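In: Any chance you could fold what I've pasted below:
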Amino acid sequence: MLQQTDLGGLDNAVWAALTGPHARLAERVGRAARYRDGIYAFAALADPADPAAWHDLRTLVGPGTTVRIKPVDRVPDGWRLQGAGVGVQLVDTALRAEPAPEAVRLGPGDVPEILDLVARTRPGPYLRRTVEMGTYLGIRHDGRLIAMAGERSEMGVPPAGGWGRLRLPGWTEISAVCTDPAHRGRGLATRLVRAVAWGIRERGDTPFLHAAADNTPAIRLYESLGFTLRRRSRIVRVRSAGTAGTAGTSEAGGAL
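Out: Purely as a prediction, here's the structure:
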C-alpha cells in the first residue's frame, strides 16, 4: 500500500469536494454537508469523530433519513447503523491514458440505459442526476449500452471538456466503471478507464478511484493498469433518529 500523508483532501474526499469544487451542488449545515437530491448518495463530515459534526448532519438531513458516509470508525448514539463495508482508494502512479475512439459520450437522454446497466452490474451508488456531474463515456454493441465509466463533477451540466466526479484540487475520481456480464473479458473497462483518465490528465489533474475492499477482480485490474492502493476506509449507511413522511434517497447500484 502506498503510504502518504493526506494529499489535497483525499483522506476525506467527499468533504473536500463538497466544501470546494462541488460547493454549488451541496447542502451544508456547519460541519456537515451532502449532495442535493438525486445527484450522489453520500454525505460528509468535516471530522467524523466530532460529535458536533454529527449534530450538524442531523440538522441538515432531518429525522428518519438514511445517508452514506465515509470514512467512519464509530457511529454515535442517535443514529442507526443500517449497513457497513470497507472501501479502498487507489491513485494513479503509472497509468497509460489514451482516448477510446469507439466510446461515446453519455448524457441525460441515456439515463434509463445507464440505470439499467448499473442495476445489472452494481458498480456503486448511481442516481438519476449523477450523469450531470461530469463526463461519462460508454461503449455500445448493436445500439445497446454494454460498458461505461466516468467521473464526477462540480457545477451541474459540464462543458465539453468535462469537470470530474469527486473533484478535489489536483485530483479527479474515476467512477461507475461497469461492463455487461455478457461482454466481459473484452477489455472494455480497461479502454474506458484509460479514456476517462486521458481527459482528466488533459486538465492537469491526477486520476484516483474507489472500490469495495472485497472486489478483488476490480482491484487487480486497476493495479494492473497503473493504480496503487493508497488507503482503506470504513463506509457506513446510517439513519437519523425519528420518522419522516419521506425518508432516504432513491438509489441505483451499490451494496450498502
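In: May I have the secondary structure class of residue 76?
Out: Under DSSP: H, G, I helix; E, B strand; the rest coil, residue 76 falls in the coil class.
In: That one against residue 54, yeah?
Out: Yes - if you go by C-beta atoms under 8 Å, residue 76 and residue 54 touch, sitting 5.2 Å apart. (C-beta placed from N, C-alpha, C; glycine too.)
In: And those two? Which one has more around it.
Out: Higher neighbour count among residue 76 and residue 54: residue 54, with 24 against 15, using other C-beta atoms under 10 Å.
In: Would you agree that one falls within a helix?
Out: Yes - inclusion of residue 54 in a helix is indicated when three-state DSSP is applied.
In: what about it, distance to residue 13?
Out: 19 Å (C-beta to C-beta, to the nearest Å).
In: Could you do residue 49 as well?
Out: From residue 49 to residue 13 the distance is 17 Å (C-beta to C-beta).
In: So which of these two has more stuff around it?
Out: Remark: of residue 49 and residue 13, residue 13 carries more neighbours, 25 against 11, as counted by other C-beta under 10 Å.
In: Kindly confirm whether my reading is correct that that one touches residue 173.
Out: Yes - between residue 13 and residue 173 there is a contact at 7.1 Å, judged by C-beta under 8 Å.
In: Compute the distance between the closest residue to residue 128 other than its chain neighbours and residue 239, please.
Out: With C-beta to C-beta, 6 or more residues apart in numbering as the criterion, residue 128 has its nearest non-adjacent residue at 5.1 Å, and that residue is residue 38. Residue 38 sits 19 Å away from residue 239, going by C-beta to C-beta.
In: These two: which has the busier surroundings?
Out: For residue 38 and residue 239, the more surrounded residue by other C-beta under 10 Å is residue 239, and the numbers stand at 18 against 14.
In: quick check: mean pLDDT across whichever strand or helix holds that one?
Out: Per DSSP states H and E: residue 239 is located in strand 227-240. Across strand 227-240, pLDDT averages out at 96.
In: strands paired with it, and their directions?
Out: strand 66-69 (antiparallel), strand 79-92 (antiparallel) (DSSP bridges).
In: Would you convert those strands into a markdown table that also reports mean neighbour count?
Out: Formatted as a markdown table, those follow (neighbours: other C-beta atoms under 10 Å):
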| stretch | mean neighbour count |
| --- | --- |
| strand 66-69 | 22 |
| strand 79-92 | 18 |
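In: could you dump those strands to a markdown table with distance to residue 126 and mean pLDDT?
Out: Formatted as a markdown table, the strands paired with strand 227-240 follow (distance: least, C-beta to C-beta, whole Å; pLDDT from 0 to 100):
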| stretch | distance to residue 126 | mean pLDDT |
| --- | --- | --- |
| strand 66-69 | 13 | 96 |
| strand 79-92 | 16 | 96 |
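In: Tell me which of the ones you listed sits nearest to residue 27.
Out: The minimum distance between residue 27 and the strands paired with strand 227-240 falls on strand 66-69, with 11.3 Å, by C-beta to C-beta.
In: worst-scoring helix or strand of the protein, pLDDT-wise?
Out: Across the helices and strands of the chain, mean pLDDT, DSSP states H and E gives its lowest value to strand 167-168, namely a mean of 58.
In: okay, and for the stretch 151-256 of the chain, where does confidence drop off?
Out: 153-169, 244-256 (pLDDT under 70).
In: all strands of it, in order?
Out: Using DSSP state E, counting those that start in this stretch, the strands found in the stretch 151-256 of the chain span residues 167-168, 171-179, 206-212, 227-240.
In: Lovely, talk soon.
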